[in-house]
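1. No letters, just coordinates:
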């Protein structure tokens, strides 16, 4: 029996209308996107029956389908036989505690999943324990999304234990939970000894200064984390200072996002100062995009970027505390054009050296480095202005077509 016929029979058996999109794409693509199709538990059962013997689909997207725990039960049974699916999205399906339990038990034996998205499923404190227990022994999953759930203090303790024991996860999204106070401290204790995690999103949790202190301590010892998002966490200048203690000892973190915290130029200066004074700092991006800075900050940024040429600091603009009007700088586009005209060169000649694949789109970091290393008379502020004009949509690519 073909997979198509099997699915049609299953739909008839459980009493649901077949999903035409699934029938049209069956066997055609390794990525099956059934997000927002209103499958429900019975629709999930029919789908699970059809996928038991499938060897084509590696990515299964099932977000927002009202699956509930019953629907996940059928999918978990399917995954016992299907070893092809590597990426599974079950976000926003009202799975609740019963669903978390089914998934946790599945993870104890599953060896094929590499990415699992469980955002917005109303998981509570006790669910963090079952999931954490499962991930303390499952080292196969590399990416885990548990954002938009209801983990708090106890949840933080369980997740911290998971980070301490797990040796597989490389990306973890815990944004939009309520990890604060004891929960935040416990989570950071796990991060302190973790040896695999590279990307951690803790935004919108209310970590506060107590959490910032614990994170600073974790960063002194953790040497694998590359990307840390702490946006919207009620961290003040004092908390930023505590983070700086960790940044002084850390030589691996590349991206630090602190936008929409209670920081002022004082906290911004503390962050920049620690990068300037730490020769081995690996930071390439600091995002404080809501903070208004002053001329003192801009001067320090200029000096710091001479030592750390790959550093990009996103700030909210210049306002307040300015002793004098910033100097007028020539239009960077005109400076480049004049430079090329003097040497009888075309813009294409400049970009050709850094455009390795000939796509006429160059990574911002490569463009910035090439301009800095050339003899074009542009300072850092003009280069940043140029980048913003050539990459208006913040794609990370400079398009020179």
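-> That came through fine. All values derive from a computational prediction rather than experimental measurement. Residues are numbered from 1 along each chain as shown.

2. Show me the shaky parts of this protein.
-> Within the chain, the stretches with pLDDT under 70 are 320-328, 393-394, 400.

3. at 80 instead, please
-> Scanning the chain for pLDDT under 80 picks out 319-329, 345-361, 364-368, 372-373, 379-382, 384-401.

4. can you give me the strands for it?
-> 31-33, 59-61, 87-89, 115-117, 143-145, 171-173, 199-201, 227-229, 255-257, 285-293, 312-318, 361-363, 397-399 (DSSP state E).

5. tally of neighbours for residue 212?
-> 28 (other Cβ atoms under 10 Å). Placement of C-beta: from N, CA and C, glycine included.

6. Now it. Nearest residue, chain neighbours left out?
-> residue 239 (3.5 Å; Cβ to Cβ, 6 or more residues apart in numbering).

7. pretty sure the one you found is in contact with residue 213, am I right?
-> Yes - counting by Cβ atoms under 8 Å, residue 213 is a contact partner of residue 239 at 7.3 Å.

8. of those two, who's got more company?
-> Using other Cβ under 10 Å, the more surrounded residue of residue 239 and residue 213 is residue 239, with 26 against 21.

9. what residues are up against the more buried one?
-> Neighbouring residues of residue 239 by Cβ atoms under 8 Å, 6 or more residues apart in numbering: 208-209, 211-213, 261, 267.

10. try 7 Å this time
-> Residue 239 sits next to 208-209, 212 when contact means Cβ atoms under 7 Å, 6 or more residues apart in numbering.

11. Excluding covalently adjacent residues, which one is nearest to residue 396?
-> Nearest non-adjacent residue to residue 396, counting by Cβ to Cβ, 6+ apart: residue 364, 5.4 Å away.

12. Tell me the spacing between that neighbour and residue 127.
-> 40 Å (Cβ to Cβ, to the nearest Å).

13. of these two, who's got more company?
-> More crowded of residue 364 and residue 127, by other Cβ under 10 Å: residue 127, with 27 against 17.

14. which residues touch that one?
-> By Cβ under 7 Å, 6+ apart, residue 127 lies in contact with 97, 100.

15. And residue 398, by the same measure?
-> Residue 398 neighbours (Cβ under 7 Å, 6+ apart): 361-362, 364, 367, 387, 390-391.

16. is it possible to export the residues you listed to TSV including distance to residue 257?
-> Below are those laid out as TSV (distance: Cβ to Cβ, whole Å):
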residue	distance to residue 257
361	25
362	24
364	17
367	22
387	18
390	23
391	18
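
17. List just the nearest of these to residue 315.
-> Distance to residue 315 across the contacts of residue 398 (Cβ to Cβ) is lowest for residue 387, with 14.2 Å.

18. For the closest one, give me its contacts.
-> Residues near residue 387 by Cβ under 7 Å, 6+ apart: 364, 367-368, 398.

19. for residue 182, same thing?
-> Neighbour list for residue 182: 153, 156 [criterion: Cβ under 7 Å, 6+ apart].

20. Over to residue 33?
-> Counting by Cβ under 7 Å, 6+ apart, residue 33 has contacts residue 61.

21. What residues are bridge-paired with it?
-> Following DSSP bridges, residue 33 is listed with bridge partners residue 61.

22. got it, and residue 145?
-> Beta bridges link residue 145 to residue 117, residue 173, judged by DSSP bridges.

23. How many residues are close by the closest residue to residue 25 other than its chain neighbours?
-> Counting by Cβ to Cβ, 6+ apart, residue 25 lies nearest to residue 32, which is 6.5 Å off, once chain neighbours are set aside. For residue 32, the neighbour count with other Cβ under 10 Å is 21.

24. How about the one 4 residues further on?
-> Burial of residue 36, expressed as a neighbour count using other Cβ under 10 Å, amounts to 12.

25. how far away is the closest residue to it other than its chain neighbours from residue 34?
-> Spatial nearest neighbour of residue 36, excluding adjacent residues (Cβ to Cβ, 6+ apart): residue 64 at 4.9 Å. Using Cβ to Cβ, residue 64 is found at 10 Å from residue 34.

26. again with residue 86
-> From residue 86 to residue 34 the distance is 16 Å (Cβ to Cβ).

27. Which of the two has more residues huddled nearby?
-> Neighbours of residue 86 and residue 34, each counted by other Cβ under 10 Å, are more numerous for residue 34; the result is 21 against 18.

28. What are the phi and psi values at the residue lying closest to that one once chain neighbours are set aside?
-> Spatial nearest neighbour of residue 34, chain neighbours left out: residue 62 (5.6 Å); criterion: Cβ to Cβ, 6+ apart. When read as degrees, to the nearest 10, the backbone of residue 62 gives phi -130, psi 30.

29. With that, I have no additional questions.
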